[in-house]
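**Student:** Here is my input; please provide its structure:
(3 chains)
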Amino acid sequence: MPSYDNIYKVVSQIPQGKVATYGQVAELANLCGKPRLVGYALYRVDISSDIPWHRVVNAKGEISYSPLRQGGDHTQKVLLEQEGIEFSSNGKINLCKHLWQPTLEVTY
DNA sequence: ACATTGACCCGTT
DNA sequence: GAACGGGCCAATG
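**Tutor:** Residues are numbered from 1 along each chain as shown, chains lettered A, B, ... in the order given. Reported below is the predicted structural model:
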């Protein structure tokens, strides 16, 4: 059971214009309580894959920036804005509006 | 095989 | 409300 594969699937299932938290993805990926694996998976997979990693944010609804990430700074923010996601004054996402509500299907 | 790290989350101080 | 520490698993050197 490749756990990482689940993460990829879950993230890929995130609809456009919505965002999911690491904890959310972790639960859907069968990694409840282990959000680190999610972050690690995305760290290893990075944008080279077809995974909308930019739709995955931390529990605070903020984007996880990284100095090692695609050499950009607000790249993820721009992508999310293009998806129709609005940001708060503090650069956070309106989780109440854009938080992805996972359906019952998890496509294993 | 051991030690270190990594895009996190939660509880307590 | 902010800061600190603990915990989990996997990949890398």
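**Student:** Check the burial of the one residue in chain A that gets nearest to DNA strand C by counting its neighbours.
**Tutor:** Nearest to DNA strand C, among the residues of chain A, is A:Arg36, at 4.3 Å (C-beta to the nearest atom of the strand). C-beta here means a position set from N, CA and C on the backbone, and glycine is covered the same way. Per other C-beta atoms under 10 Å, the neighbour tally for A:Arg36 reads 11.
**Student:** Secondary structure element holding it?
**Tutor:** helix A:35-45 (DSSP states H and E).
**Student:** packing partners for that helix?
**Tutor:** Here helix A:35-45 touches helix A:3-12, helix A:22-28, going by 3 or more C-beta pairs under 8 Å, 6 or more residues apart in numbering; DSSP states H and E.
**Student:** Which secondary structure elements does the first one sit against?
**Tutor:** If I follow you right, that is helix A:3-12. Contact here means 3+ C-beta pairs under 8 Å, 6+ apart; on that basis helix A:3-12 packs against helix A:22-28, helix A:35-45.
**Student:** sorry, back to before: could you export the helices and strands packed on helix A:35-45 to CSV, including columns for distance to DNA strand C, mean pLDDT and mean neighbour count?
**Tutor:** Formatted as CSV, the helices and strands packed on helix A:35-45 follow (distance: least, C-beta to the nearest atom of the strand, whole Å; pLDDT from 0 to 100; neighbours: other C-beta atoms under 10 Å):
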stretch, distance to DNA strand C, mean pLDDT, mean neighbour count
helix A:3-12, 6, 87, 18
helix A:22-28, 10, 91, 22
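**Student:** okay if I get these as TSV plus distance to A:Asp50?
**Tutor:** Listed next are these as TSV, based on distance: least, C-beta to C-beta, whole Å:
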stretch	distance to A:Asp50
helix A:3-12	7
helix A:22-28	16
